[in-house]
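> let's see this in three dimensions:
(2 chains)
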Amino acid sequence: MHRTLYRKLVDAHTVTQLDAQNVLLFCDLHLMNEYTSPQAFAGLDEQGRQVLVPGQNMAVVSHVIPTDPGAIRIIRDAAPALQASNLRKNCDQHGIPLFDTQDALQGIEHVVAPEHGMVRPGMVVICGDSHTTTYGALGALGFGIGTSEVEHVLATQTLVYRLAKDMRIQVDGLLPLGTTAKDLILMVIGHIGAQGARGHVIEFCGTAFDAMSIEARFTVCNMAVEAGARGALIAPDQKAADYVLARSADLIGPLQQVALQHWASLRSDAGAVFDVEHHFDASAVPPHVTWGTSPDQVAPIGGAVPDPETQAAGPLRRSTEQALRYTGLAAGTPLEGIAIQHVFIGSCTNARIEDLRAVAEVVRGRQVAQGVRAMVVPGSGAVKQQAEAEGIARLLLDAGFEWREPGCSMCLAMNGDILADGVRCASTTNRNFEGRQGRGAITHLMSPAMAAAAAITGTITDVRRLETPHA
Amino acid sequence: MREQHILSGKMAALAIENLDTDQIMPKQFLHGIDKAGLDKGLLYDLRFDAAGHPRPDFVLNRPERADVEILVAGANFGCGSSREHAVWGLQQYGIQAIIAPSFGEIFYSNAMNNQLLLVMLPEADIAQLMADADRLETAHVHIDLQALRVKSQSVDAAFSLSERHHRMQLERRDMIGLSLTYQADITHFAQRHWEAYPWLKDVALRTRQQLGATPRAQQPVRFGGKA
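Presented below is the predicted three-dimensional model:
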C-alpha cells in the first residue's frame, strides 16, 4: 500500500477509527491564544474535567497585545486585559506553559512555537487559529480548530478528526529575482481559488520548494488555508532537520539519530495516489498583489483590476462586483500605481527575520513616502532582538518606519492597531477580507519586499523596478 | 423551530459569496471570556451602518423577518478565521440552520459541534431557495433531519451528513463525553507513541523550561497516575 505523507501522519496518530470518515487523532502539540480558549476552559470547569496532558499544550497572548513601541506591555482596555489575565489564570490552574504579556520572547503563536524548536517533523500540531497550517513547512500536520475542539483537546489530547483528501501541488523551477514565496502562494491561490483545496490537505513538492528556506516554506503553508486547505505539508529535508535541531537542546546524541531516521521516512511513497494534482512553473511567476476582498482575487503586478462585465454571470461575477464596490477600484485600473496610505509589515505569514531582511534590502538608502504611515511589527521578541542586532530596526526607523513590539497587531486588528474607514493598506498579512484591518479599510496582500516598495513610493509598485538603489 | 427531527421555519437569503467569519462575527465582539451577547455582533457591518443605526435595506432588519431561523447563503459560507464565536452568534440570534452550496471547513466542524445544522445543496437548488426566501409568502422551509430532506415551495431536495454528524444532530450528543469513553485507548496509545518518539513527550513544557521560565503550578502528567 503506497501512502501519502499526509496518510502516514494520520495513521501514526490514530488512536482508533470512529467511523468511515472520522478517527480519534492524537495531538502532539496544542497551542492556545487568549481569544479562542477562554470558553473552552470554562466548559472544562463546568463539567469538572481536567487537562489530560498539560506539557503538550502551550499558550501565547498574541492577538490582543498592544504593540506600541518601547512601552511596557499593558493592555489598557478592560475586556482584552481580562482575556489575557484569564489565560494566565487558566494556565496556572492547569500547569500549561505560557508566553505571557511581559515575556521577552512574547509574540505571535505561529512564530514563537517553531522558533524555539517546539514544532518537529511528524507531529500533529493544532490551535484555535486557522493559520496553524504553517507547520507543514516542517513536515508537521498543523490545522486550525474551533473552541469546542480546543476543549476536546484539553480534556482528551485528541480530536475527532474528519479525514481529508490528498492534493499535490508540484511547482518546479526557481522563482525569479524579486519574486518570493508569498508571490508564489498568491499565484497558486489565484489559480485554484479560495475553495480550491477545500476538504484537502495539500502536499507541496517540486524544486521550487526544495530551494526555499524554512521561513519561506512557513509563508506558503500559512496561506494554504486561504485556498480552503485543511492542512499543508512539505516533506522534511535536511534543511528542516537543521532548522529544528538548531533549536532543540534536548535532541542530542543517539536520540538525534533516531529522530533523523524517523524524519527521513516522512515522505509520500513513490506511487502514492493523490485525489487532485496541480502543476505550476515557478520560473515565470512575477510579484502578485490582491485587488479584491478574497485572497484569490489576485493578479500579477503588471495586471489590472478585472472587469466583471467580461465574466460569466454567477458567483464569480457577483464576488468581483462585490469586491470592487468595497475596494473602490474601477475595472481595468492597473495595479501598479494605486495609491496607498498605509503599509503594514507583520503577521504569522511574513514577520520573521528573513522577511524583515528582505524589507531592509529594499528600504536601504530610501525614505518612506510623504503621507504614508508604515508600520513594522516583528513576529516575536526573538525576531525583534535579532533585527535590532542586525541593524535592521535602525535602518527602518531612519527611513521613517514605525518599529513596534511583537504581536498579531493589524493583521486582524484586535489589539487597537486598526485602520480608519477608506484607508488603503499594502499588507504582508494573509487576509484581505472586508473590514479585516478596520471597517471600510482596504487591504492589498503582497510580499514584504513589495510592501516595502509601496512604502517608498506611496503606490503599489513592482519592487523589481527598485532593485538597484539610485539607478 | 425544532421538534424532534423536524426543523421548520422562516428563511432569509444572503446572496453573498465567501461570507467569512470576520464578517459574521467582527473582531470587536471577540473580547469576551464567555459566550454571552454575541447575537449583537452577528453580521454587524451588514446589519448596521457606521453610526450604529440598522440598515433598513438589509434583509434581517425588515420587521417581517424578525423571526428568521434559517439562512440561505452563497458558496463558501463561514470561510476564514476559526472563531467559533461566529457559530455562537448565529445561534444566539436564533438561527437554527444554514443552507449553502458549500461551507468553510473549520466553520463546518464548529457548527456541527454546536448542533447548528448546515445543509449543503447544489447551486441550482440554492438559487430556487433564495427566490422562495425573497417572497415572504414562500419563505418557509422544512428540514427533515431523519430523512435528510429540505422542502420549500419550489425545492424538494435530499442532502447528506456524515454518520457521526447525523447522530450528533439527532441525539444532541456531547462530543467530549463520547471521546472520553476511549480514555484507556488514549493512554495506551500515548505510552507507545512516546516510547517510539520520546522527543515529543512534554515538548511544550520542556521547551518552556529550557527558555528559563516555568508555569507557576506545575502538575505531573496524569497518564499512569491517579486523575
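
> report pLDDT for residue 175.
Went with chain A since none was named. pLDDT for A:Leu175: 98.

> sorry, should have said chain B
B:Met175 carries a pLDDT score of 82 in this model.

> can you report how many residues lie near it?
A count of nearby residues for B:Met175, using other CB atoms under 10 Å in any protein chain shown, gives 20. Yep, even glycine has a C-beta here, placed from its N, CA and C like the rest.

> shouldn't it be in contact with A:Ile145?
No. Checked against CB atoms under 8 Å, the pair B:Met175 and A:Ile145 is beyond contact range at 11.9 Å.

> name the residues of stretch B:149-168 that are buried.
B:Val150, B:Ser152, B:Gln153, B:Val155, B:Ala157, B:Phe159, B:Leu161, B:Arg164, B:His165, B:Met168 (16 or more other CB atoms under 10 Å in any protein chain shown).

> give me the subset of the residues you listed touching chain A.
B:Arg164 (CB under 8 Å from any CB of the partner chain).

> just give me the closest of the buried residues of stretch B:149-168 to chain A.
Distance to chain A across the buried residues of stretch B:149-168 (CB to the nearest CB) is lowest for B:Arg164, with 5.3 Å.

> show me the domain layout of chain A.
Domain ranges of chain A: A:5-163, A:165-236+A:268-284, A:288-465, per automatic domain parsing.

> can you point me to the longest strand in chain A?
The longest strand of chain A (DSSP state E) is strand A:165-172.

> what about it, distance to the chain center?
19 Å (CA atoms, centre = their mean, to the nearest Å).

> right, and the helix or strand after it?
Toward the C-terminal end, the helix or strand that comes next after strand A:165-172 (DSSP states H and E) is helix A:181-192.

> just checking, what packs against that next one?
Helix A:181-192 sits against strand A:165-172, helix A:214-224, strand A:276-281, strand A:288-290, strand A:298-300, helix A:448-457, with contacts defined as 3 or more CB pairs under 8 Å, 6 or more residues apart in numbering or on different chains; DSSP states H and E.

> kindly recompute the last result at 7 Å.
Under the contact definition 3 or more CB pairs under 7 Å, 6 or more residues apart in numbering or on different chains; DSSP states H and E, helix A:181-192 sits against helix A:214-224, strand A:288-290, strand A:298-300.

> now the closest residue to A:Tyr161 other than its chain neighbours: how far from chain B?
Leaving aside its sequence neighbours, A:Tyr161 sits nearest to A:Leu25 (CB to CB, 6 or more residues apart in numbering or on different chains; 3.8 Å). Look at A:Leu25 and chain B: by CB to the nearest CB, to the nearest Å, they are 10 Å apart.

> again with A:Ile214
Note on A:Ile214: its distance to chain B, by CB to the nearest CB, is 17 Å.

> just give me the neighbour total for the closest residue to that residue other than its chain neighbours.
Distance criterion CB to CB, 6+ apart; nearest residue to A:Ile214, sequence neighbours excluded, is A:Tyr243 at 4.4 Å. Neighbour count of A:Tyr243, defined by other CB under 10 Å: 23.

> returning to that earlier point: residues contacting the longest strand of chain A, please?
When contacts are defined by CB atoms under 7 Å, 6 or more residues apart in numbering or on different chains, strand A:165-172 is touched by residues A:4, A:6, A:184, A:188, A:197, A:199-209, A:274-282.

> quick one, helices of chain B?
Assigned by DSSP state H, the helices in chain B fall at B:21-24, B:44-47, B:85-93, B:105-113, B:123-134, B:163-171, B:175-180, B:183-196, B:203-210.

> which one of those helices lies nearest to A:His13?
Evaluated with CB to CB, the helices of chain B place helix B:183-196 nearest to A:His13, the distance being 7.8 Å.
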